[in-house]
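Student: with the input below, show me the fold.
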Amino acid sequence: MSAPLRAKKRNNTIVWALMGLLIISLTGFGVQSVGSGGRQAVATVGDQKVTVDTYVRALNTQLRALSQQIGTNVSFEQARIFGIDRQVLEAVLATAALDAENARLGLSVGDTHVRDALLGTEAFQDLSGNFDQTTYEFALSEANLKPGEYDEILRNDTARTLLQAAVGGGIDAGKAYPLAIMSYVGETRDFEWAFLDAAYLLDPLGAPSDQDLMDHYNANPASYTTPEARQITYAWITPEMMIPQIEVDTDALRALYDAETARFNQPDRRIVERVVFPDIAAAQAALDAISSGEKTFEQVVEERGFALADVDLGEVEESDLSDAAGAAIFLMNEPGLAGPLDSTFGPALFRVNAILDAQSTSFEEAREELKIELVADRARRRIDDLINTLDDLLAGGATLEDIAAETPLVLETIAFSEGDEAGIAANEEFREVAAAAREDDFPEVHTFESGGIFSLRLDTITPAKLRPFEDVQTDVAKDWKVAETTRRILAYAEGLTAELDSGKSLGELGIAASRENGLRRDAFVDGAPGDMVTKLFALRENGSIISEEDGAIVIARLKGIHAYDSTTTQNATLLDDVAARYAQQLGGELFDAFALAIEKQEGISINQNLIGQIQNQMTSGGAR
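Tutor: Purely as a prediction, here's the structure:
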């Protein structure tokens, strides 16, 4: 069947499809065929098939890569959030399309190249870097591959790489676009800035006249208007409200304690961080650098492209780690480094941050905690059981007053306004229902996320009303003072800009200022309004700006504009790098278009039912 799976831009998924899509999966996760149909096609591009085995290997490759990047095992269901399922399908389709084009062109590589690629594969080498036949055979067995099949994978992968180089390589994008980007990003500003407040005003702020207050009152009616009030009658019950009515016996508490033995009797644990390396030599080099004081663990993690949160395993038991890592780490008597050690993802260094001894809590010690939990659980269950009863009563015409009389629900009223968060209005669920209720609505049962239930009735609505001036005169006077002070400071600032624009500094105008030099447009100045730097970069020549945020007023004077200098050694290197990346991007996009054209020319057929079966097994762990 035809499938509309083509996207305008596919985030260069083809690139990783070509560069070892299948090889990486030979280490890490095992690969199994789905049922007995490993050679069955999940899709075809022209005469080229994408088999179940190929598709599953590609999925496992990306799962492994994502897990290694994050630092913990990622389930297929979690990976789908990142769009891995769609990326993999697009990639294997692109691979099949390129194989079809290579077949048409007669493009292939010889046995000598395949042999060299096989011997150079790190996954098949021993610690000294030599090819290991036993490792090779074991890896192929785990991947459900025969040597001939793997040789063909290498041959096709190399041929696709050659085709990619022919189509997308050698592009010279020039430096006009990279230079425009770097000129924008690399431009800097020098400026001085200062906060302005009432201390700079020469004339003290006098008392407002009656007309001043009345003008302010009339200009800001929203500030002195009572919000719409909704008079609501509601019936509700929460687990906390039911707890006093529930009794539990010792047998029930004992049964709960026995069911959660692992919770109250914990083995030794360690709080651990793990950083994985491509090989044992890299891991040992990192350990030596840390031991010598040349680098910190944090620096090593950063160099590997991770944040500390990415390598944090949290609290682990010995069984959570590989055999080698678990044995070594749980022999440690104090925090520190361990490694290099084999882990699920390869050689790794482990940092033990805390040692947690085994803990055992007796039934008597846990009794009160268990009672609170059991009572709360039973309260929630009783409330859940009430929902059908309430639905039946309301459907039969019962009022909220009737429900309160016949059930444990409590009847109360509230004058609810937007922004209220007192009492039952502290629950977002109640606020949403109350704000949307209409007077002719019939009450319905609604639930709280915390486990309670409620039903409400809108009795009356009191419209929003402007409060009389006499009732809010004190508030108006305070607000006028703030507004008038701000107005005068802004007027004072406006008066300064002409002098600043003529070349005077803030210091010459008697204003203590802070100085910032060489700031780029993405810089943030601590304490200053968020748009100050943006406004300064909008100036194309020396001048001044006024910025206001949350009552804070800043005046700033631009002192220097520094264009990006592409001639310095550092900037020239950076520009070359940007140009190379841009050329690579253009090459990738050209190659994407080429692969899409082949797919369109050859025709695509996708077995969505079979793909769904595979993904269901991946979700349950069966195909991984």
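
Student: okay, CA-based contacts and neighbour counts for the rest of this
Tutor: OK.

Student: correct me, but residue 561 touches residue 541?
Tutor: Yes. In terms of CA atoms under 8 Å, residue 561 counts as a neighbour of residue 541; the distance is 7.4 Å.

Student: between those two, which is the more surrounded one?
Tutor: Ranked by neighbour count (other CA atoms under 10 Å), residue 561 and residue 541 place residue 561 first, with 20 against 13.

Student: need the nearest residue in space to the more buried one, chain neighbours excluded.
Tutor: Closest residue in space to residue 561, ignoring its immediate chain neighbours: residue 189 at 4.9 Å, by CA to CA, 6 or more residues apart in numbering.

Student: strand partners (parallel or antiparallel) of the helix or strand containing the one you found?
Tutor: Taking DSSP states H and E as the definition, residue 189 sits inside strand 188-196. Partners of strand 188-196 in the sheet, by DSSP bridges, are strand 514-520 (antiparallel), strand 552-562 (antiparallel).

Student: rounded mean pLDDT for the helix or strand that the longest one is followed by, please.
Tutor: Of the helices and strands lying after strand 552-562 in sequence (DSSP H and E), the nearest is helix 569-602. Here helix 569-602 scores 82 as its mean pLDDT.

Student: tell me the buried residues in helix 569-602?
Tutor: 575-576, 578-580, 582-592, 594-596, 598-599, 602 (16 or more other CA atoms under 10 Å).

Student: report pLDDT for the residue nearest the centre of the chain.
Tutor: Closest to where the C-alpha atoms of the chain average out (CA atoms, centre = their mean) is residue 82, at 10.0 Å. Looking at residue 82, its pLDDT stands at 80.

Student: same check on residue 416?
Tutor: pLDDT at residue 416 comes out at 93.

Student: which residues does the residue lying closest to it once chain neighbours are set aside contact?
Tutor: Closest residue in space to residue 416, ignoring its immediate chain neighbours: residue 230 at 4.9 Å, by CA to CA, 6+ apart. Going by CA atoms under 8 Å, 6 or more residues apart in numbering, residue 230 touches 414, 415, 416, 417, 458, 459, 460, 461, 462.

Student: now swap in residue 320 and tell me
Tutor: So residue 320 contacts residue 326 (CA under 8 Å, 6+ apart).

Student: now do it against residue 218, distance only.
Tutor: 68 Å (CA to CA, to the nearest Å).

Student: residue 451: which of the strands paired with strand 188-196 is closest?
Tutor: Closest of these to residue 451 is strand 552-562, at 44.2 Å (criterion: CA to CA).

Student: filter the contacts of residue 230 down to the buried ones, PyMOL style.
Tutor: Here is the PyMOL command that selects the buried residues among these (16+ other CA under 10 Å):
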select buried, resi 414+416+417+458+461
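
Student: check the contacts of residue 230 and tell me the two furthest apart.
Tutor: Maximum distance among the contacts of residue 230 (CA to CA): 13.7 Å, for 417 and 459.

Student: that older thread, contacts for the strand holding residue 189, please.
Tutor: 489, 493, 506, 511-521, 536-537, 552-564.

Student: so for it, what's the average pLDDT?
Tutor: 93.

Student: before we move on, back to that, next, the contact list for the residue nearest to the centre of the chain, please.
Tutor: Applying CA under 8 Å, 6+ apart, no residues qualify as near residue 82.

Student: give me the distance between it and residue 345.
Tutor: Counting by CA to CA, the gap from residue 82 to residue 345 is 20 Å.

Student: again with residue 454
Tutor: With CA to CA as the criterion, residue 454 and residue 345 are 50 Å apart.

Student: one more: residue 563?
Tutor: Residue 563 is 46 Å from residue 345, by CA to CA.

Student: between the two, which one's more packed in?
Tutor: Higher neighbour count among residue 563 and residue 345: residue 345, with 21 against 14, using other CA under 10 Å.
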